[in-house]
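*Asks:* Build me a structure from this.
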Amino acid sequence: MDKSTKIKFNILAIICIIVFSFAIAPKTLQNDTYYTISVGEHIMENGIDGQDPFSWHDLKYTYPHWLYDVSIYLIYSIGGMTGIYISTVILSCILGIMLYITNTKINKNNLFSFILTFAVMFLMRDFIAARAQLITFILFVTEILFIECFLETKKKRYAVRTCRNCVFNC
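*Replies:* Residues are numbered from 1 along each chain as shown. Presented below is the predicted three-dimensional model:
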């Protein structure tokens, strides 16, 4: 495949992945979403206080994904439930694109990477939700991409820094 055809295929593949990622993002929200909004609101009003504000017991609580909780609360404050849905769609699209880039980096076959990305996104459709795990999935795939860049170039700087050259040269 020549360079021009490869670029056109990649653009078309990414557009298709975005459309598919948009299609599988759920319109309904989970009960956890309301908890996330409440925790974000509590953190915005009281800071990270180390207490569980939503239980009858005065238990100590470590906010494991406080930044996501605050972000979702701010998104909810601006756009309501529609805003949360849009943020889930955007994160789903980012996950799909990162999967495609990583698959292309690993096996060098764009068509196979495209099919594999669709299959993985289809299998992950039940886990795409307005929850912090979606950010974790994106970070995990990004970490695999950085490791692949490091292994390919043998440059230690890729083990520490972001691999922007590898991302744009796929």
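
*Asks:* Next, the contact list for the most centrally placed residue in the chain, please.
*Replies:* The chain has Ile138 as the residue nearest its centroid, 3.6 Å off, counting by C-alpha atoms, centre = their mean. Neighbouring residues of Ile138 by C-beta atoms under 8 Å, 6 or more residues apart in numbering: 91, 94-95, 98. (Each C-beta comes from the backbone N, C-alpha and C, glycine too.)

*Asks:* With Leu111 instead?
*Replies:* By C-beta under 8 Å, 6+ apart, the contact set of Leu111 is Phe9.

*Asks:* still on that earlier bit, export the contacts of Ile138 to JSON lines and tack on secondary structure and neighbour count?
*Replies:* Converted to JSON lines, those look like this (DSSP: H, G, I helix; E, B strand; the rest coil; neighbours: other C-beta atoms under 10 Å):
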{"residue": "Leu91", "secondary structure": "helix", "neighbour count": "20"}
{"residue": "Ile94", "secondary structure": "helix", "neighbour count": "18"}
{"residue": "Leu95", "secondary structure": "helix", "neighbour count": "25"}
{"residue": "Met98", "secondary structure": "helix", "neighbour count": "21"}
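
*Asks:* Distance check, Asn103 against Met1.
*Replies:* Look at Asn103 and Met1: by C-beta to C-beta, to the nearest Å, they are 16 Å apart.

*Asks:* The residue nearest to the centre of the chain and Thr28: what is the separation?
*Replies:* 22 Å.

*Asks:* Next: Gly96.
*Replies:* Distance from Gly96 to Thr28, by C-beta to C-beta: 20 Å.

*Asks:* higher neighbour count, Asn103 and Met1?
*Replies:* Set side by side, Asn103 and Met1 show more neighbours around Asn103, with 23 against 11, by other C-beta atoms under 10 Å.

*Asks:* That one reaches Ala119, doesn't it?
*Replies:* No - if you go by C-beta atoms under 8 Å, Asn103 and Ala119 don't touch, sitting 10.1 Å apart.

*Asks:* residue ranges of the helices in this structure, please?
*Replies:* Along the chain, counting by DSSP state H, helices occupy 3-24, 31-46, 66-107, 110-123, 133-153, 157-160, 164-168.
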